[in-house]
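**Q** no sequence on this one, just coordinates:
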């Protein structure tokens with residue numbers, strides 16, 4: 001049996017009166033892919049941050065090759081060979097791909113100045129070694145979320161890591177990019193690297209991991225070989241009860257639902273038709289323009305203007321403010337960069353869309369704010385130590401529910417959900433699915449953008465296949481995954 005590269009014994013982390021991780025044990029061996037999973041708030045990110053040196057444990061110890069280690073900082077963890085890729089992107093948009101990868105470690109010439117030629121060459125060698133399709137000279141701010149995720153992975157691989165932790169690395173990757181990542185992981189494994197793979201996508205847990213460890217409520221629940229677990233058993237260990245992953249129940253037909261006609265005008269024009277209570281999916285490959293089209297619909301991309309006819313009413317979305325005033329609400333795919341105010345409270349993040357109605361003479365009525373927002377946060381099962389806690393302290397799934405709360409307070413007539421379950425565990429995903437279906441039953445039209453074809457098939461009444469920010473095909477709810485992929489790549 002391979003020797004233990006990483007051992008964790010009795011690891012505990014407390015934040016004041018809150019225990020985020022309690023007496024967790026973990027043994028990881030070389031040439032083994034270990035998956036760490038559990039519901040949002042289970043303690044996975046806390047464990048990853050302890051291993052990465054983000055903060056010290058309250059109790060317990062970490063051992064590498066049998067020797068106790070203490071990391072005073074992430075830099076010290078990287079020096080010891082522990083490198084991490086986080087779910088929330090940290091790429092700096094104003095820098096190039098090469099500058100992001102080697103930030104703080106740039107090659108210098110004899111005068112101590114940045115050696116740009118060496119920087120680009122070093123980056124090309126790294127990217128070619130791992131087969132990552134990135135241009136060293138591209139500005140990170142111009143890249144898609146999926147491509148920025150690849151930059152994060154390249155940065156981690158540049159540190160000569162012995163242990164690589166990947167937190168939801170495939171959440172926004174296409175199938176081709178996902179396969180390339182898995183090939184990279186397989187190559188690293190042959191070199192003796194230990195990969196800790198945090199994922200809520202159960203299919204890839206069984207595909208890539210030899211062993212799975214489940215945490216729940218900060219405690220260790222089970223560690224088992226993936227070959228010894230069924231999907232249903234794994235879900236039950238994660239959330240504490242069984243979850244129905246099948247097709248959503250059919251919604252009753254509304255009496256005389258209003259039609260919604262959308263014309264997105266600009267250098268190119270796109271026309272769409274929806275009805276109240278309908279869930280329409282946007283399918284297509286990563287980079288196909290699904291998000292671009294959605295942002296144009298929400299008044300977020302000049303010079304495009306979206307014109308809506310909802311029954312007899314007309315809404316012209318020249319900006320996000322106009323769109324929201326007309327009931328058109330966009331839920332971003334990148335909650336950290338475009339959605340949340342990380343340093344502000346859970347309560348203030350949730351109320352951001354409705355502050356004008358909660359204010360008088362520019363001053364927010366805090367009591368009224370809490371009365372309006374708190375019940376909805378509770379209804380959506382947001383788990384937080386306090387509503388006054390910074391939203392950045394919440395798990396990914398709970399952050400997403402805060403964004404949904406904000407969207408609901410805006411009273412949407414059309415809700416555009418862009419990758420709403422990215423980085424969300426199976427339990428929180430079920431809550432979000434139920435919420436989307438409840439909104440549809442109440443007459444809200446939903447546009448659902450997802451890279452998860454099973455998600456589109458489970459929720460949507462029909463799927464519009466997008467390419468170059470245009471609709472190239474329309475498929476019924478019973479379309480197969482193969483039909484969606486074929487429509488995404490077929491020339492018209």
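**A** It's in. Source: prediction; values computed, not measured.

**Q** If you average the pLDDT over stretch 155-164, what comes out?
**A** The pLDDT scores in stretch 155-164 average 84.

**Q** And stretch 238-258, by the same measure?
**A** Here the average pLDDT along stretch 238-258 is 63.

**Q** Ends of it, what's the gap?
**A** With Cα to Cα, to the nearest Å as the measure, stretch 238-258 spans 41 Å from end to end.

**Q** before we move on, what about stretch 100-112?
**A** 19 Å.

**Q** Domain-wise, how is the chain divided?
**A** Domain ranges of the chain: 4-91+143-239, 259-489, per automatic domain parsing.

**Q** And the lowest mean pLDDT element among the helices and strands of this protein?
**A** Using mean pLDDT, DSSP states H and E, strand 33-38 stands out as the lowest-scoring helix or strand of the chain, at a mean of 68.

**Q** next helix or strand past it?
**A** helix 44-51 (DSSP states H and E).

**Q** shaky segments in the protein?
**A** 1-3, 30-35, 38-42, 171-174, 200, 241-255, 286, 489-492 (pLDDT under 70).

**Q** Closest to the centroid, which residue in it?
**A** By Cα atoms, centre = their mean, the chain has its centre lying nearest to residue 422, at 3.3 Å.

**Q** pretty sure that one is touching residue 331, no?
**A** No: contact between residue 422 and residue 331 fails when scored by Cβ atoms under 8 Å: they sit 10.9 Å apart. Yep, even glycine has a C-beta here, placed from its N, CA and C like the rest.

**Q** What does residue 204 show for phi and psi?
**A** phi -80, psi -20 (degrees, to the nearest 10).

**Q** re the thing from before, got the domains of the chain as JSON lines, with distance to residue 122 columns?
**A** What follows is those, written out as JSON lines (distance: least, Cβ to Cβ, whole Å):
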{"stretch": "domain 4-91+143-239", "distance to residue 122": "8"}
{"stretch": "domain 259-489", "distance to residue 122": "26"}
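
**Q** Just tell me which of those domains ends up closest to residue 105.
**A** Among the domains of the chain, domain 4-91+143-239 comes nearest to residue 105, with 7.8 Å by Cβ to Cβ.

**Q** Kindly check the end-to-end length of that closest one for me.
**A** Start-to-end, domain 4-91+143-239 (Cα to Cα) is 29 Å.

**Q** now that domain: how far from the chain's centre is it?
**A** 16 Å (Cα atoms, centre = their mean, to the nearest Å).

**Q** again with stretch 275-288
**A** 18 Å.

**Q** in it, what's buried?
**A** 276-288 (16 or more other Cβ atoms under 10 Å).

**Q** In helices, which of those residues appear?
**A** Among the buried residues of stretch 275-288, no member falls in helices (DSSP state H).

**Q** Against residue 362, how distant is the spatially closest residue to residue 299 that is not a sequence neighbour?
**A** With Cβ to Cβ, 6 or more residues apart in numbering as the measure, residue 317 is the residue that lies nearest to residue 299, at 3.6 Å, once sequence neighbours are left out. From residue 317 over to residue 362 the distance is 26 Å, taken as Cβ to Cβ, to the nearest Å.
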